[in-house]
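**Q** Please find the sequence and the predicted model below.
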Amino acid sequence: MFSRSFANTSTTLPSHTNILLGTNPLYHGVHENTNFIVGEEFLTLAEYLKKFGYNTGAFVGAYPLDSRFGLTQGFDIYDDDYDRWSSEKLDAVERRAEDVIAPALEWLESQAQATPWFLWIHCYDPHDPYEPPEPFNTEFEKQPYYGEVAYVDFALGKLFKSLKDTHSYENTLIIFTGDHGESLGQHGELTHGFYAYNSSIWVPLIVYFPGILSRRIEEYVSHIDIFPTVCDVLHIEKPSSLQGNSLLPAMEGNKLKNRPIYFESLFPYYSRGWAPLRGFIYEGEKFIESPIPELYDLDEDFEELKNLAEEMKLDRYRKRLEQIIKDQSFPERTDAKPKYDRESLAKLRSLGYISTSPDSKKENFGPQDDIKVLLPYNNRAMKAMDLYQQGEVREGFELLKQLLTERQDIDIAYYNLAALYEEQGELNESFQVLKLGLDNIPTSYEIFLRYITFLVKASKDDEIIKVFDEKHYRQMEHDPEIWNFLGIAHSRKQDFENAVEAYEKGISIDNEYPDLFNNLGNAYYSLAQKTNDRIFLEKSILSLQKAIELEPDYVNPYNGLGLAYRKSGDVDKAISHWEKALELKPDFDQALINLGITHMSQGLKTQALDYFNKYKEYYYNSLSPSQKTQLDNWIQKCRQ
């Protein structure tokens, strides 16, 4: 057991990239969860082991490690089996440890006659929100985080039991670690991802292989040491790209070579535009470079309670950090490819990673930009939401208003306050808050996106089009949803040519977005209605079929296909698609009306009456007087 093991980063994707590449973010360029993917030019542990005949499998528990982010390289199977498309199923972006381990065990069974193999299992459970299943929820009622940890321990027990039952345990190298820690309020950080104190980057590291003697090793090590350790234990040559050191000498009782351990926390920089945080651990000292620098003696002060930076000259620490950055950076690039898309951002936001990269980043930072100064404001914005949800509505509002009088550059405060106003039905106040936020933080794409979302809900289509004419963010070129919003505005104004252009722009960014294909299909149908051009009708059918292919339970495109087939003259196909829509959603208003009208036009009054009566049962009270009259006339006509 390595009792002084550290993550080089404090968020999920970069930490696993560090582990599987054996290099730190200075080299591979993946700095946080929301804006990067792993470059294909880098060598993963799975790819390397494939060269030596290993079968490889990965089973992951949450969306930050989704296959789209690049860690699939070298794996025969990469199981990230959670719901992928519907933004209404965001609770499915993570799965419990047992749901990860069960398919992993099935894969292991298939490897019984195939050796060697490499298996990576990732359990996400000990992340906020802490909601362990029973009996752990009851047993750890007052400490649910520990309940999550205990549950993962229980779930992993099934894995180790299986290894022992199949006599694989005595012939397997097992490495257990965490991708980062969880602060749980220490240093004022509620979870992780902002600071790089030991509370969020000190991680477990336990290594077992047959014949190893039990040892507790106190030397300072990090995630990037795992890849070279695997190579040494397996007696295979280490690739030249590795930046870590093998830990095998320490496990055999020898001293490790002393070297600095680089770490960083750049989620606040890339997501909020706050000052970057980087540092290193060397010879028992930990230096944190930020506008308010920090220095700790970890041998005497592992909880980092006494900052020695105020009484020390820091030039030599800064020079060492500069040299580390120079020596360990990849010579041809500094950052991995940015990754923005509707699905990624929606799902990552649901897991707590809520902001996108500012449109332009500052280069010079002062104490006012330091994470230690800004995080308390972020925490207050989160506390305001908690107060509101606990029924203390006035207190929640007042806390956010007070926060915004103190600082006008805290983006989360604007969209939290706007969200509370919207939930209270005070839509104009919500709109004004977002407008003020955009005025005060014009580079915040997150506020811009929420502002546009509000305009879409409020059907302020002229304003949407005007804002698009006036503002441009580089993120717009990577975000399909923003073009979907513009298409909706043009569609509602009956400008279907520009709507089609906007939808197609969105599809060029993400060609697996069902809403875009549905809306594009409807726009083409409207053009077909307007021009009687059969080419538009064919394009409508193809687009709507693609939406269903991407999401078979998506009800809207079935209705659109019904309309398109009816216009093409294929009434039977039209009816079958509307009936399918009702299978998926028995109270789907458009399908009920379309089936009623179509059957009535064919003289099938009994069938038509059934659909009209169902529609009346569901929707009559919400109809306008003229709509009620129209429906009653149809019903009367069918009864004659």
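**A** Arrived safely. Just so we're clear, the structure is a prediction, and the values are computed from it rather than from any experiment.
**Q** pull the longest helix from this structure.
**A** Taking DSSP state H as the criterion, the chain has its longest helix at helix 144-165.
**Q** That helix: which residues count as buried?
**A** 144-152, 155-156, 159, 162-163 (16 or more other C-beta atoms under 10 Å). (C-beta placed from N, C-alpha, C; glycine too.)
**Q** got it, and stretch 522-539?
**A** For stretch 522-539, burial by neighbour count (16+ other C-beta under 10 Å) applies to 522-529, 536-537, 539.
**Q** what do you get for stretch 461-468?
**A** Within stretch 461-468, judged by 16+ other C-beta under 10 Å, the buried ones are 461, 463-465, 467-468.
**Q** Now do it: everything it contacts.
**A** Stretch 461-468 is touched from outside by 451-452, 455-456, 485-486, 488-490, 492-493, with contacts defined as C-beta atoms under 8 Å, 6 or more residues apart in numbering.
**Q** Tell me how confident the model is about that stretch, as a mean pLDDT.
**A** Stretch 461-468 shows an average pLDDT of 93 in the prediction.
**Q** Can I get it in PDB, CA atoms only?
**A** Extracted C-alpha coordinates of stretch 461-468, given in PDB (Å, rounded to 0.1, in the frame of the first residue of the first chain):
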ATOM      1  CA  ASP A 461     -38.200  34.600 -32.100                       C
ATOM      2  CA  ASP A 462     -37.300  38.100 -33.400                       C
ATOM      3  CA  GLU A 463     -35.100  38.600 -30.400                       C
ATOM      4  CA  ILE A 464     -33.400  35.200 -30.900                       C
ATOM      5  CA  ILE A 465     -32.600  36.100 -34.500                       C
ATOM      6  CA  LYS A 466     -31.400  39.500 -33.500                       C
ATOM      7  CA  VAL A 467     -29.000  38.100 -30.900                       C
ATOM      8  CA  PHE A 468     -27.600  35.700 -33.400                       C
END
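**Q** chain center to it, what's the gap?
**A** 28 Å (C-alpha atoms, centre = their mean, to the nearest Å).
**Q** same check, this time on stretch 237-247
**A** Using C-alpha atoms, centre = their mean, the offset of stretch 237-247 from its chain centre is 31 Å.
**Q** in it, what counts as buried?
**A** For stretch 237-247, a neighbour-count test (16+ other C-beta under 10 Å) marks 238-239, 242-247 as buried.
**Q** Ok, stretch 580-597 next?
**A** For stretch 580-597, the neighbour count (16+ other C-beta under 10 Å) marks 580-582, 585, 588, 590-596 as buried.
**Q** Would you mind putting those residues into a markdown table with pLDDT, distance to Pro276 and secondary structure alongside?
**A** A markdown table is the format used below for the buried residues of stretch 580-597 (pLDDT from 0 to 100; distance: C-beta to C-beta, whole Å; DSSP: H, G, I helix; E, B strand; the rest coil):
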| residue | pLDDT | distance to Pro276 | secondary structure |
| --- | --- | --- | --- |
| Lys580 | 96 | 52 | helix |
| Ala581 | 95 | 51 | helix |
| Leu582 | 96 | 54 | helix |
| Lys585 | 95 | 48 | coil |
| Phe588 | 95 | 50 | coil |
| Gln590 | 95 | 51 | helix |
| Ala591 | 95 | 53 | helix |
| Leu592 | 95 | 56 | helix |
| Ile593 | 94 | 57 | helix |
| Asn594 | 95 | 56 | helix |
| Leu595 | 95 | 59 | helix |
| Gly596 | 94 | 62 | helix |
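**Q** quick one: Asp128 and Gly193 touch, right?
**A** No - counting by C-beta atoms under 8 Å, Asp128 sits too far from Gly193 to count as a contact (10.2 Å).
**Q** Look at the two and report which has more neighbours.
**A** Higher neighbour count among Asp128 and Gly193: Gly193, with 23 against 15, using other C-beta atoms under 10 Å.
**Q** part of a helix, is that one?
**A** No - the assignment for Gly193 is coil, going by DSSP: H, G, I helix; E, B strand; the rest coil, so no helix is present there.
**Q** Hmm, Tyr269 and it touching each other?
**A** No - contact criterion C-beta under 8 Å: Gly193 and Tyr269 do not qualify, at 11.4 Å.
**Q** Name the nearest of the buried residues of stretch 237-247 relative to Pro133.
**A** Leu247 (34.4 Å; C-beta to C-beta).
**Q** Excluding chain neighbours, what is closest to Glu422?
**A** What sits nearest to Glu422 in space, not counting adjacent residues and going by C-beta to C-beta, 6 or more residues apart in numbering, is Ser430, at 4.3 Å.
**Q** Go through the contacts of stretch 461-468 and flag which are in strands.
**A** Nothing among the contacts of stretch 461-468 maps onto strands, per DSSP state E.
**Q** Just the ones of the residues you listed in helices?
**A** Short answer: the contacts of stretch 461-468 in helices (DSSP H) are 451-452, 455-456, 485-486, 488-490, 492.
**Q** Low-confidence ranges, the stretch 401-550 of the chain, go.
**A** Filtered on pLDDT under 70, the stretch 401-550 of the chain yields no residues whatsoever.
**Q** residue ranges for the strands of it, please.
**A** Taking DSSP state E, counting those that start in this stretch, the stretch 401-550 of the chain contains no strands at all.
**Q** Having no further points to raise, I will conclude here.
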